[in-house]
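Have a look; sequence and predicted model below, questions after that.
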Amino acid sequence: MQHRLKKIIILIVLNIVFISGCSTNTDTPGENNVQVYEQFGALEFSTDDGFYHTNNSGYLYFFDYETKKDVLTCSKANCRMEAQLKEDSEAYIGNNGAGFVSGDKLYVISKNDDIEKKYSLIESNLDRSNQKEIVKINSTMILSFAVIKETAYFAIDEVIFTESESGAIVEEPKHNCYLLGVDLKSGKQERLTEPKNNFNNSLKIVAADENMIYMTYNYFENYFDGTNFKDANEKIENYEYDIKTKKLTSVLEDRNIVKGQLIGDTLLTVESKYINEKEVNSEKLFTVMKYTLPDYKPIEIVSTRQYPIFNNDEWIYQDDKTKEFYSLNFETVESKKITMNGAKGIIIFNDAKDYYYISYMKDGKMERGFILKSDYKKGKKEIIEVH
C-alpha cells in the first residue's frame, strides 16, 4: 500500500498523470477506428452523440450533444431519480473506473476489490442493459489504453508481491509494465511485450493509429522516495509497437513525451522537461515537435511554459515570446494564429466535441459542466450545468 501511494504521488509530480479522466481520440480525422484514452479517476469520455461521465456519487450520466440534456445511463423505468437508486443499479459505476464505446456497445473498466489488484472489463448495451464481464485485467493502475477496431490495448502496471521474513505479504517497489491486448469479441488476452521491471516504473500509451502504438516508459535507476530525485536518476524510454509484426522498437531516446498524435507519416508530440533538471518541482518547459516518419526528422514548432489545450482536432498553445495563441490543426498539420481570451475560473477536463467538459467554482463548491469551445475562446462563461 505504501509503495502504491508513493507511486501515485510520483506520477502526479512527474506529470505522467494528467487531469482526472482525460481522454483523447487520436484517430485520423474523419475515421473512428482508433481511440486513445488517458484515465485516472472518474469515468469521462466523449462519443459522436454525447459524453459519458460519473458524478461525485459514482453514478453514470450521459450528456446528449443535440438535446443538451444530462440523463442517468440506465435501461430501467425507475432510473429517473438518482436518490431512488442503490449501488447495485445499472447506473452505478463508482469513482474509480474508465470506459469507451466500440461499435454499438459500451465498455466500462471498473476496479475490483483492492486485494485482487484487478480490473473488470464489462460490456453492455449503451444504456447499461445486458451487462457481462469480458475479462479480468491484472493491473494495479490503468493510466492509458487504446481501442483499435475490435481490440483494446492496455498499458499494464502489474503489482508484484513477495513474502517477508516475518511471513507478511509485501508489495515490491518494482512492478511489471507491459502492453496487453484484449479481443473485445472473445475476451482473449495476449501479453504483447516483455515485462519491464524497474523502480517506480510506469508505462503510458501516448499515440496510436491502425498500424502503430507509441508508448513512453518512465522509471528510476534507484528507488525514489519522493525526496531523492537527483540521486534516484529518472530514465525515460520511448517505443513504437508495430501491430502487424508485433515488433517493439526504441525511438526518440530521452524525450519525455506527454502527448502524441499520429497523422499519416507525421508524429506530433508535446514533450516536457524541467527548467532546472536537478529539482523535481522546478518549472517545466513544454515543446511541441513535429517528426516526419519513418526517419523521425524533427521540427520544433514552439517551446512554451504554458501547458497546451488538447482537442480531438487541434492543439492550442501560446508562444512565450509573442504571447499569441496558435491552433495546430490536424488536417493541415500547420499552425494558425487565433484569438483566445479564455473564460476565467474554469478548468478544462476533457474534449467533448463542440464543448469542453469542465470544472468550475459555484457557491464555494467545485462543480462540473460543459461550455462551448467558441464561448471559452471568447471569454464567455456560459456554462451548462450537469449532475
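Looks like it arrived, so ask away. Residues are numbered from 1 along each chain as shown.

all helices of this structure, in order?
Along the chain, counting by DSSP state H, helices occupy 2-13, 229-232, 373-378.

pLDDT on the shortest one, on average?
This means helix 229-232. Along helix 229-232, the predicted local confidence has a mean pLDDT of 82.

swap in the first one?
Across helix 2-13, the average pLDDT comes to 42.

How many residues are close by the residue nearest to Tyr376 when sequence neighbours are not counted?
Computed as C-beta to C-beta, 6 or more residues apart in numbering, the closest residue to Tyr376 that is not its neighbour in sequence is Ala343, at 4.9 Å. The C-beta positions use only the backbone N, C-alpha and C, and glycine is treated the same way. For Ala343, the neighbour count with other C-beta atoms under 10 Å is 20.

Next: the one 10 residues further on.
Other residues within reach of Lys353, judged by other C-beta under 10 Å, total 17.

swap in the one 3 residues further on?
For Tyr356, the count of nearby residues is 23 (other C-beta under 10 Å).

one step back: which residues touch the residue nearest to Tyr376?
Applying C-beta atoms under 8 Å, 6 or more residues apart in numbering, we find Ala343 in contact with Ile371, Asp375, Tyr376, Gly379, Lys380, Lys381.

where's it relative to Val251, distance?
From Ala343 across to Val251, the span is 38 Å (C-beta to C-beta, to the nearest Å).

Likewise for Gly181?
Distance, Gly181 to Val251, by C-beta to C-beta: 20 Å.

From His53, how far off is Phe62?
The gap separating Phe62 from His53 is 8 Å, by C-beta to C-beta.

now Val34
For Val34, the distance to His53 - C-beta to C-beta - is 22 Å.

Same check on Ile213?
26 Å.

Give me the distance between the two termini of stretch 228-235.
This stretch, stretch 228-235, spans 14 Å end to end (C-alpha to C-alpha, to the nearest Å).

May I see the buried residues of it?
For stretch 228-235, a neighbour-count test (16 or more other C-beta atoms under 10 Å) marks Phe229, Ala232, Glu234 as buried.

Repeat that for stretch 347-357.
Ile348, Phe349, Asn350, Asp351, Ala352, Lys353, Tyr355, Tyr356, Tyr357.

and what of stretch 255-264?
Going by neighbour count (16+ other C-beta under 10 Å), the buried part of stretch 255-264 is Arg255, Asn256, Ile257, Val258, Lys259, Gly260, Gln261, Leu262, Ile263.

Figure out how far it is from the centre of its chain.
13 Å (C-alpha atoms, centre = their mean, to the nearest Å).

so for it, what's the average pLDDT?
On average, stretch 255-264 scores 94.

Likewise for stretch 177-197?
95.

List of residues touching it?
Contact with stretch 177-197 is made by 102, 105, 107, 121, 123, 134-135, 137, 139, 147, 150-158, 160, 174-176, 201-203, 205, 213, 215, 217, 219, 239, 241, 246, 248, as judged by C-beta under 8 Å, 6+ apart.

Out of the residues you listed, which sit inside strands?
102, 105, 107, 121, 123, 134-135, 137, 147, 151-158, 174-176, 201-203, 205, 213, 215, 217, 219, 239, 241, 248 (DSSP state E).

got any ranges where this structure has weak pLDDT?
Within the chain, the segments meeting pLDDT under 70 span 1-32, 39-41, 77-88, 113-117, 275-282.

could you pull out the strands for the stretch 51-200 of the chain?
Assignment of strands within the stretch 51-200 of the chain using DSSP state E, counting those that start in this stretch yields the ranges 60-64, 70-72, 97-102, 105-111, 118-124, 132-138, 141-148, 151-158, 161-163, 169-171, 174-183, 189-191, 196-208.

Go through stretch 58-67 and flag the buried ones.
Within stretch 58-67, the residues scored as buried using 16+ other C-beta under 10 Å are Gly58, Tyr59, Leu60, Tyr61, Phe62, Phe63, Tyr65.

Adding distance to Ile169, write those residues out as TSV.
As requested, the buried residues of stretch 58-67 are exported to TSV (distance: C-beta to C-beta, whole Å):
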residue	distance to Ile169
Gly58	29
Tyr59	35
Leu60	34
Tyr61	39
Phe62	41
Phe63	43
Tyr65	48
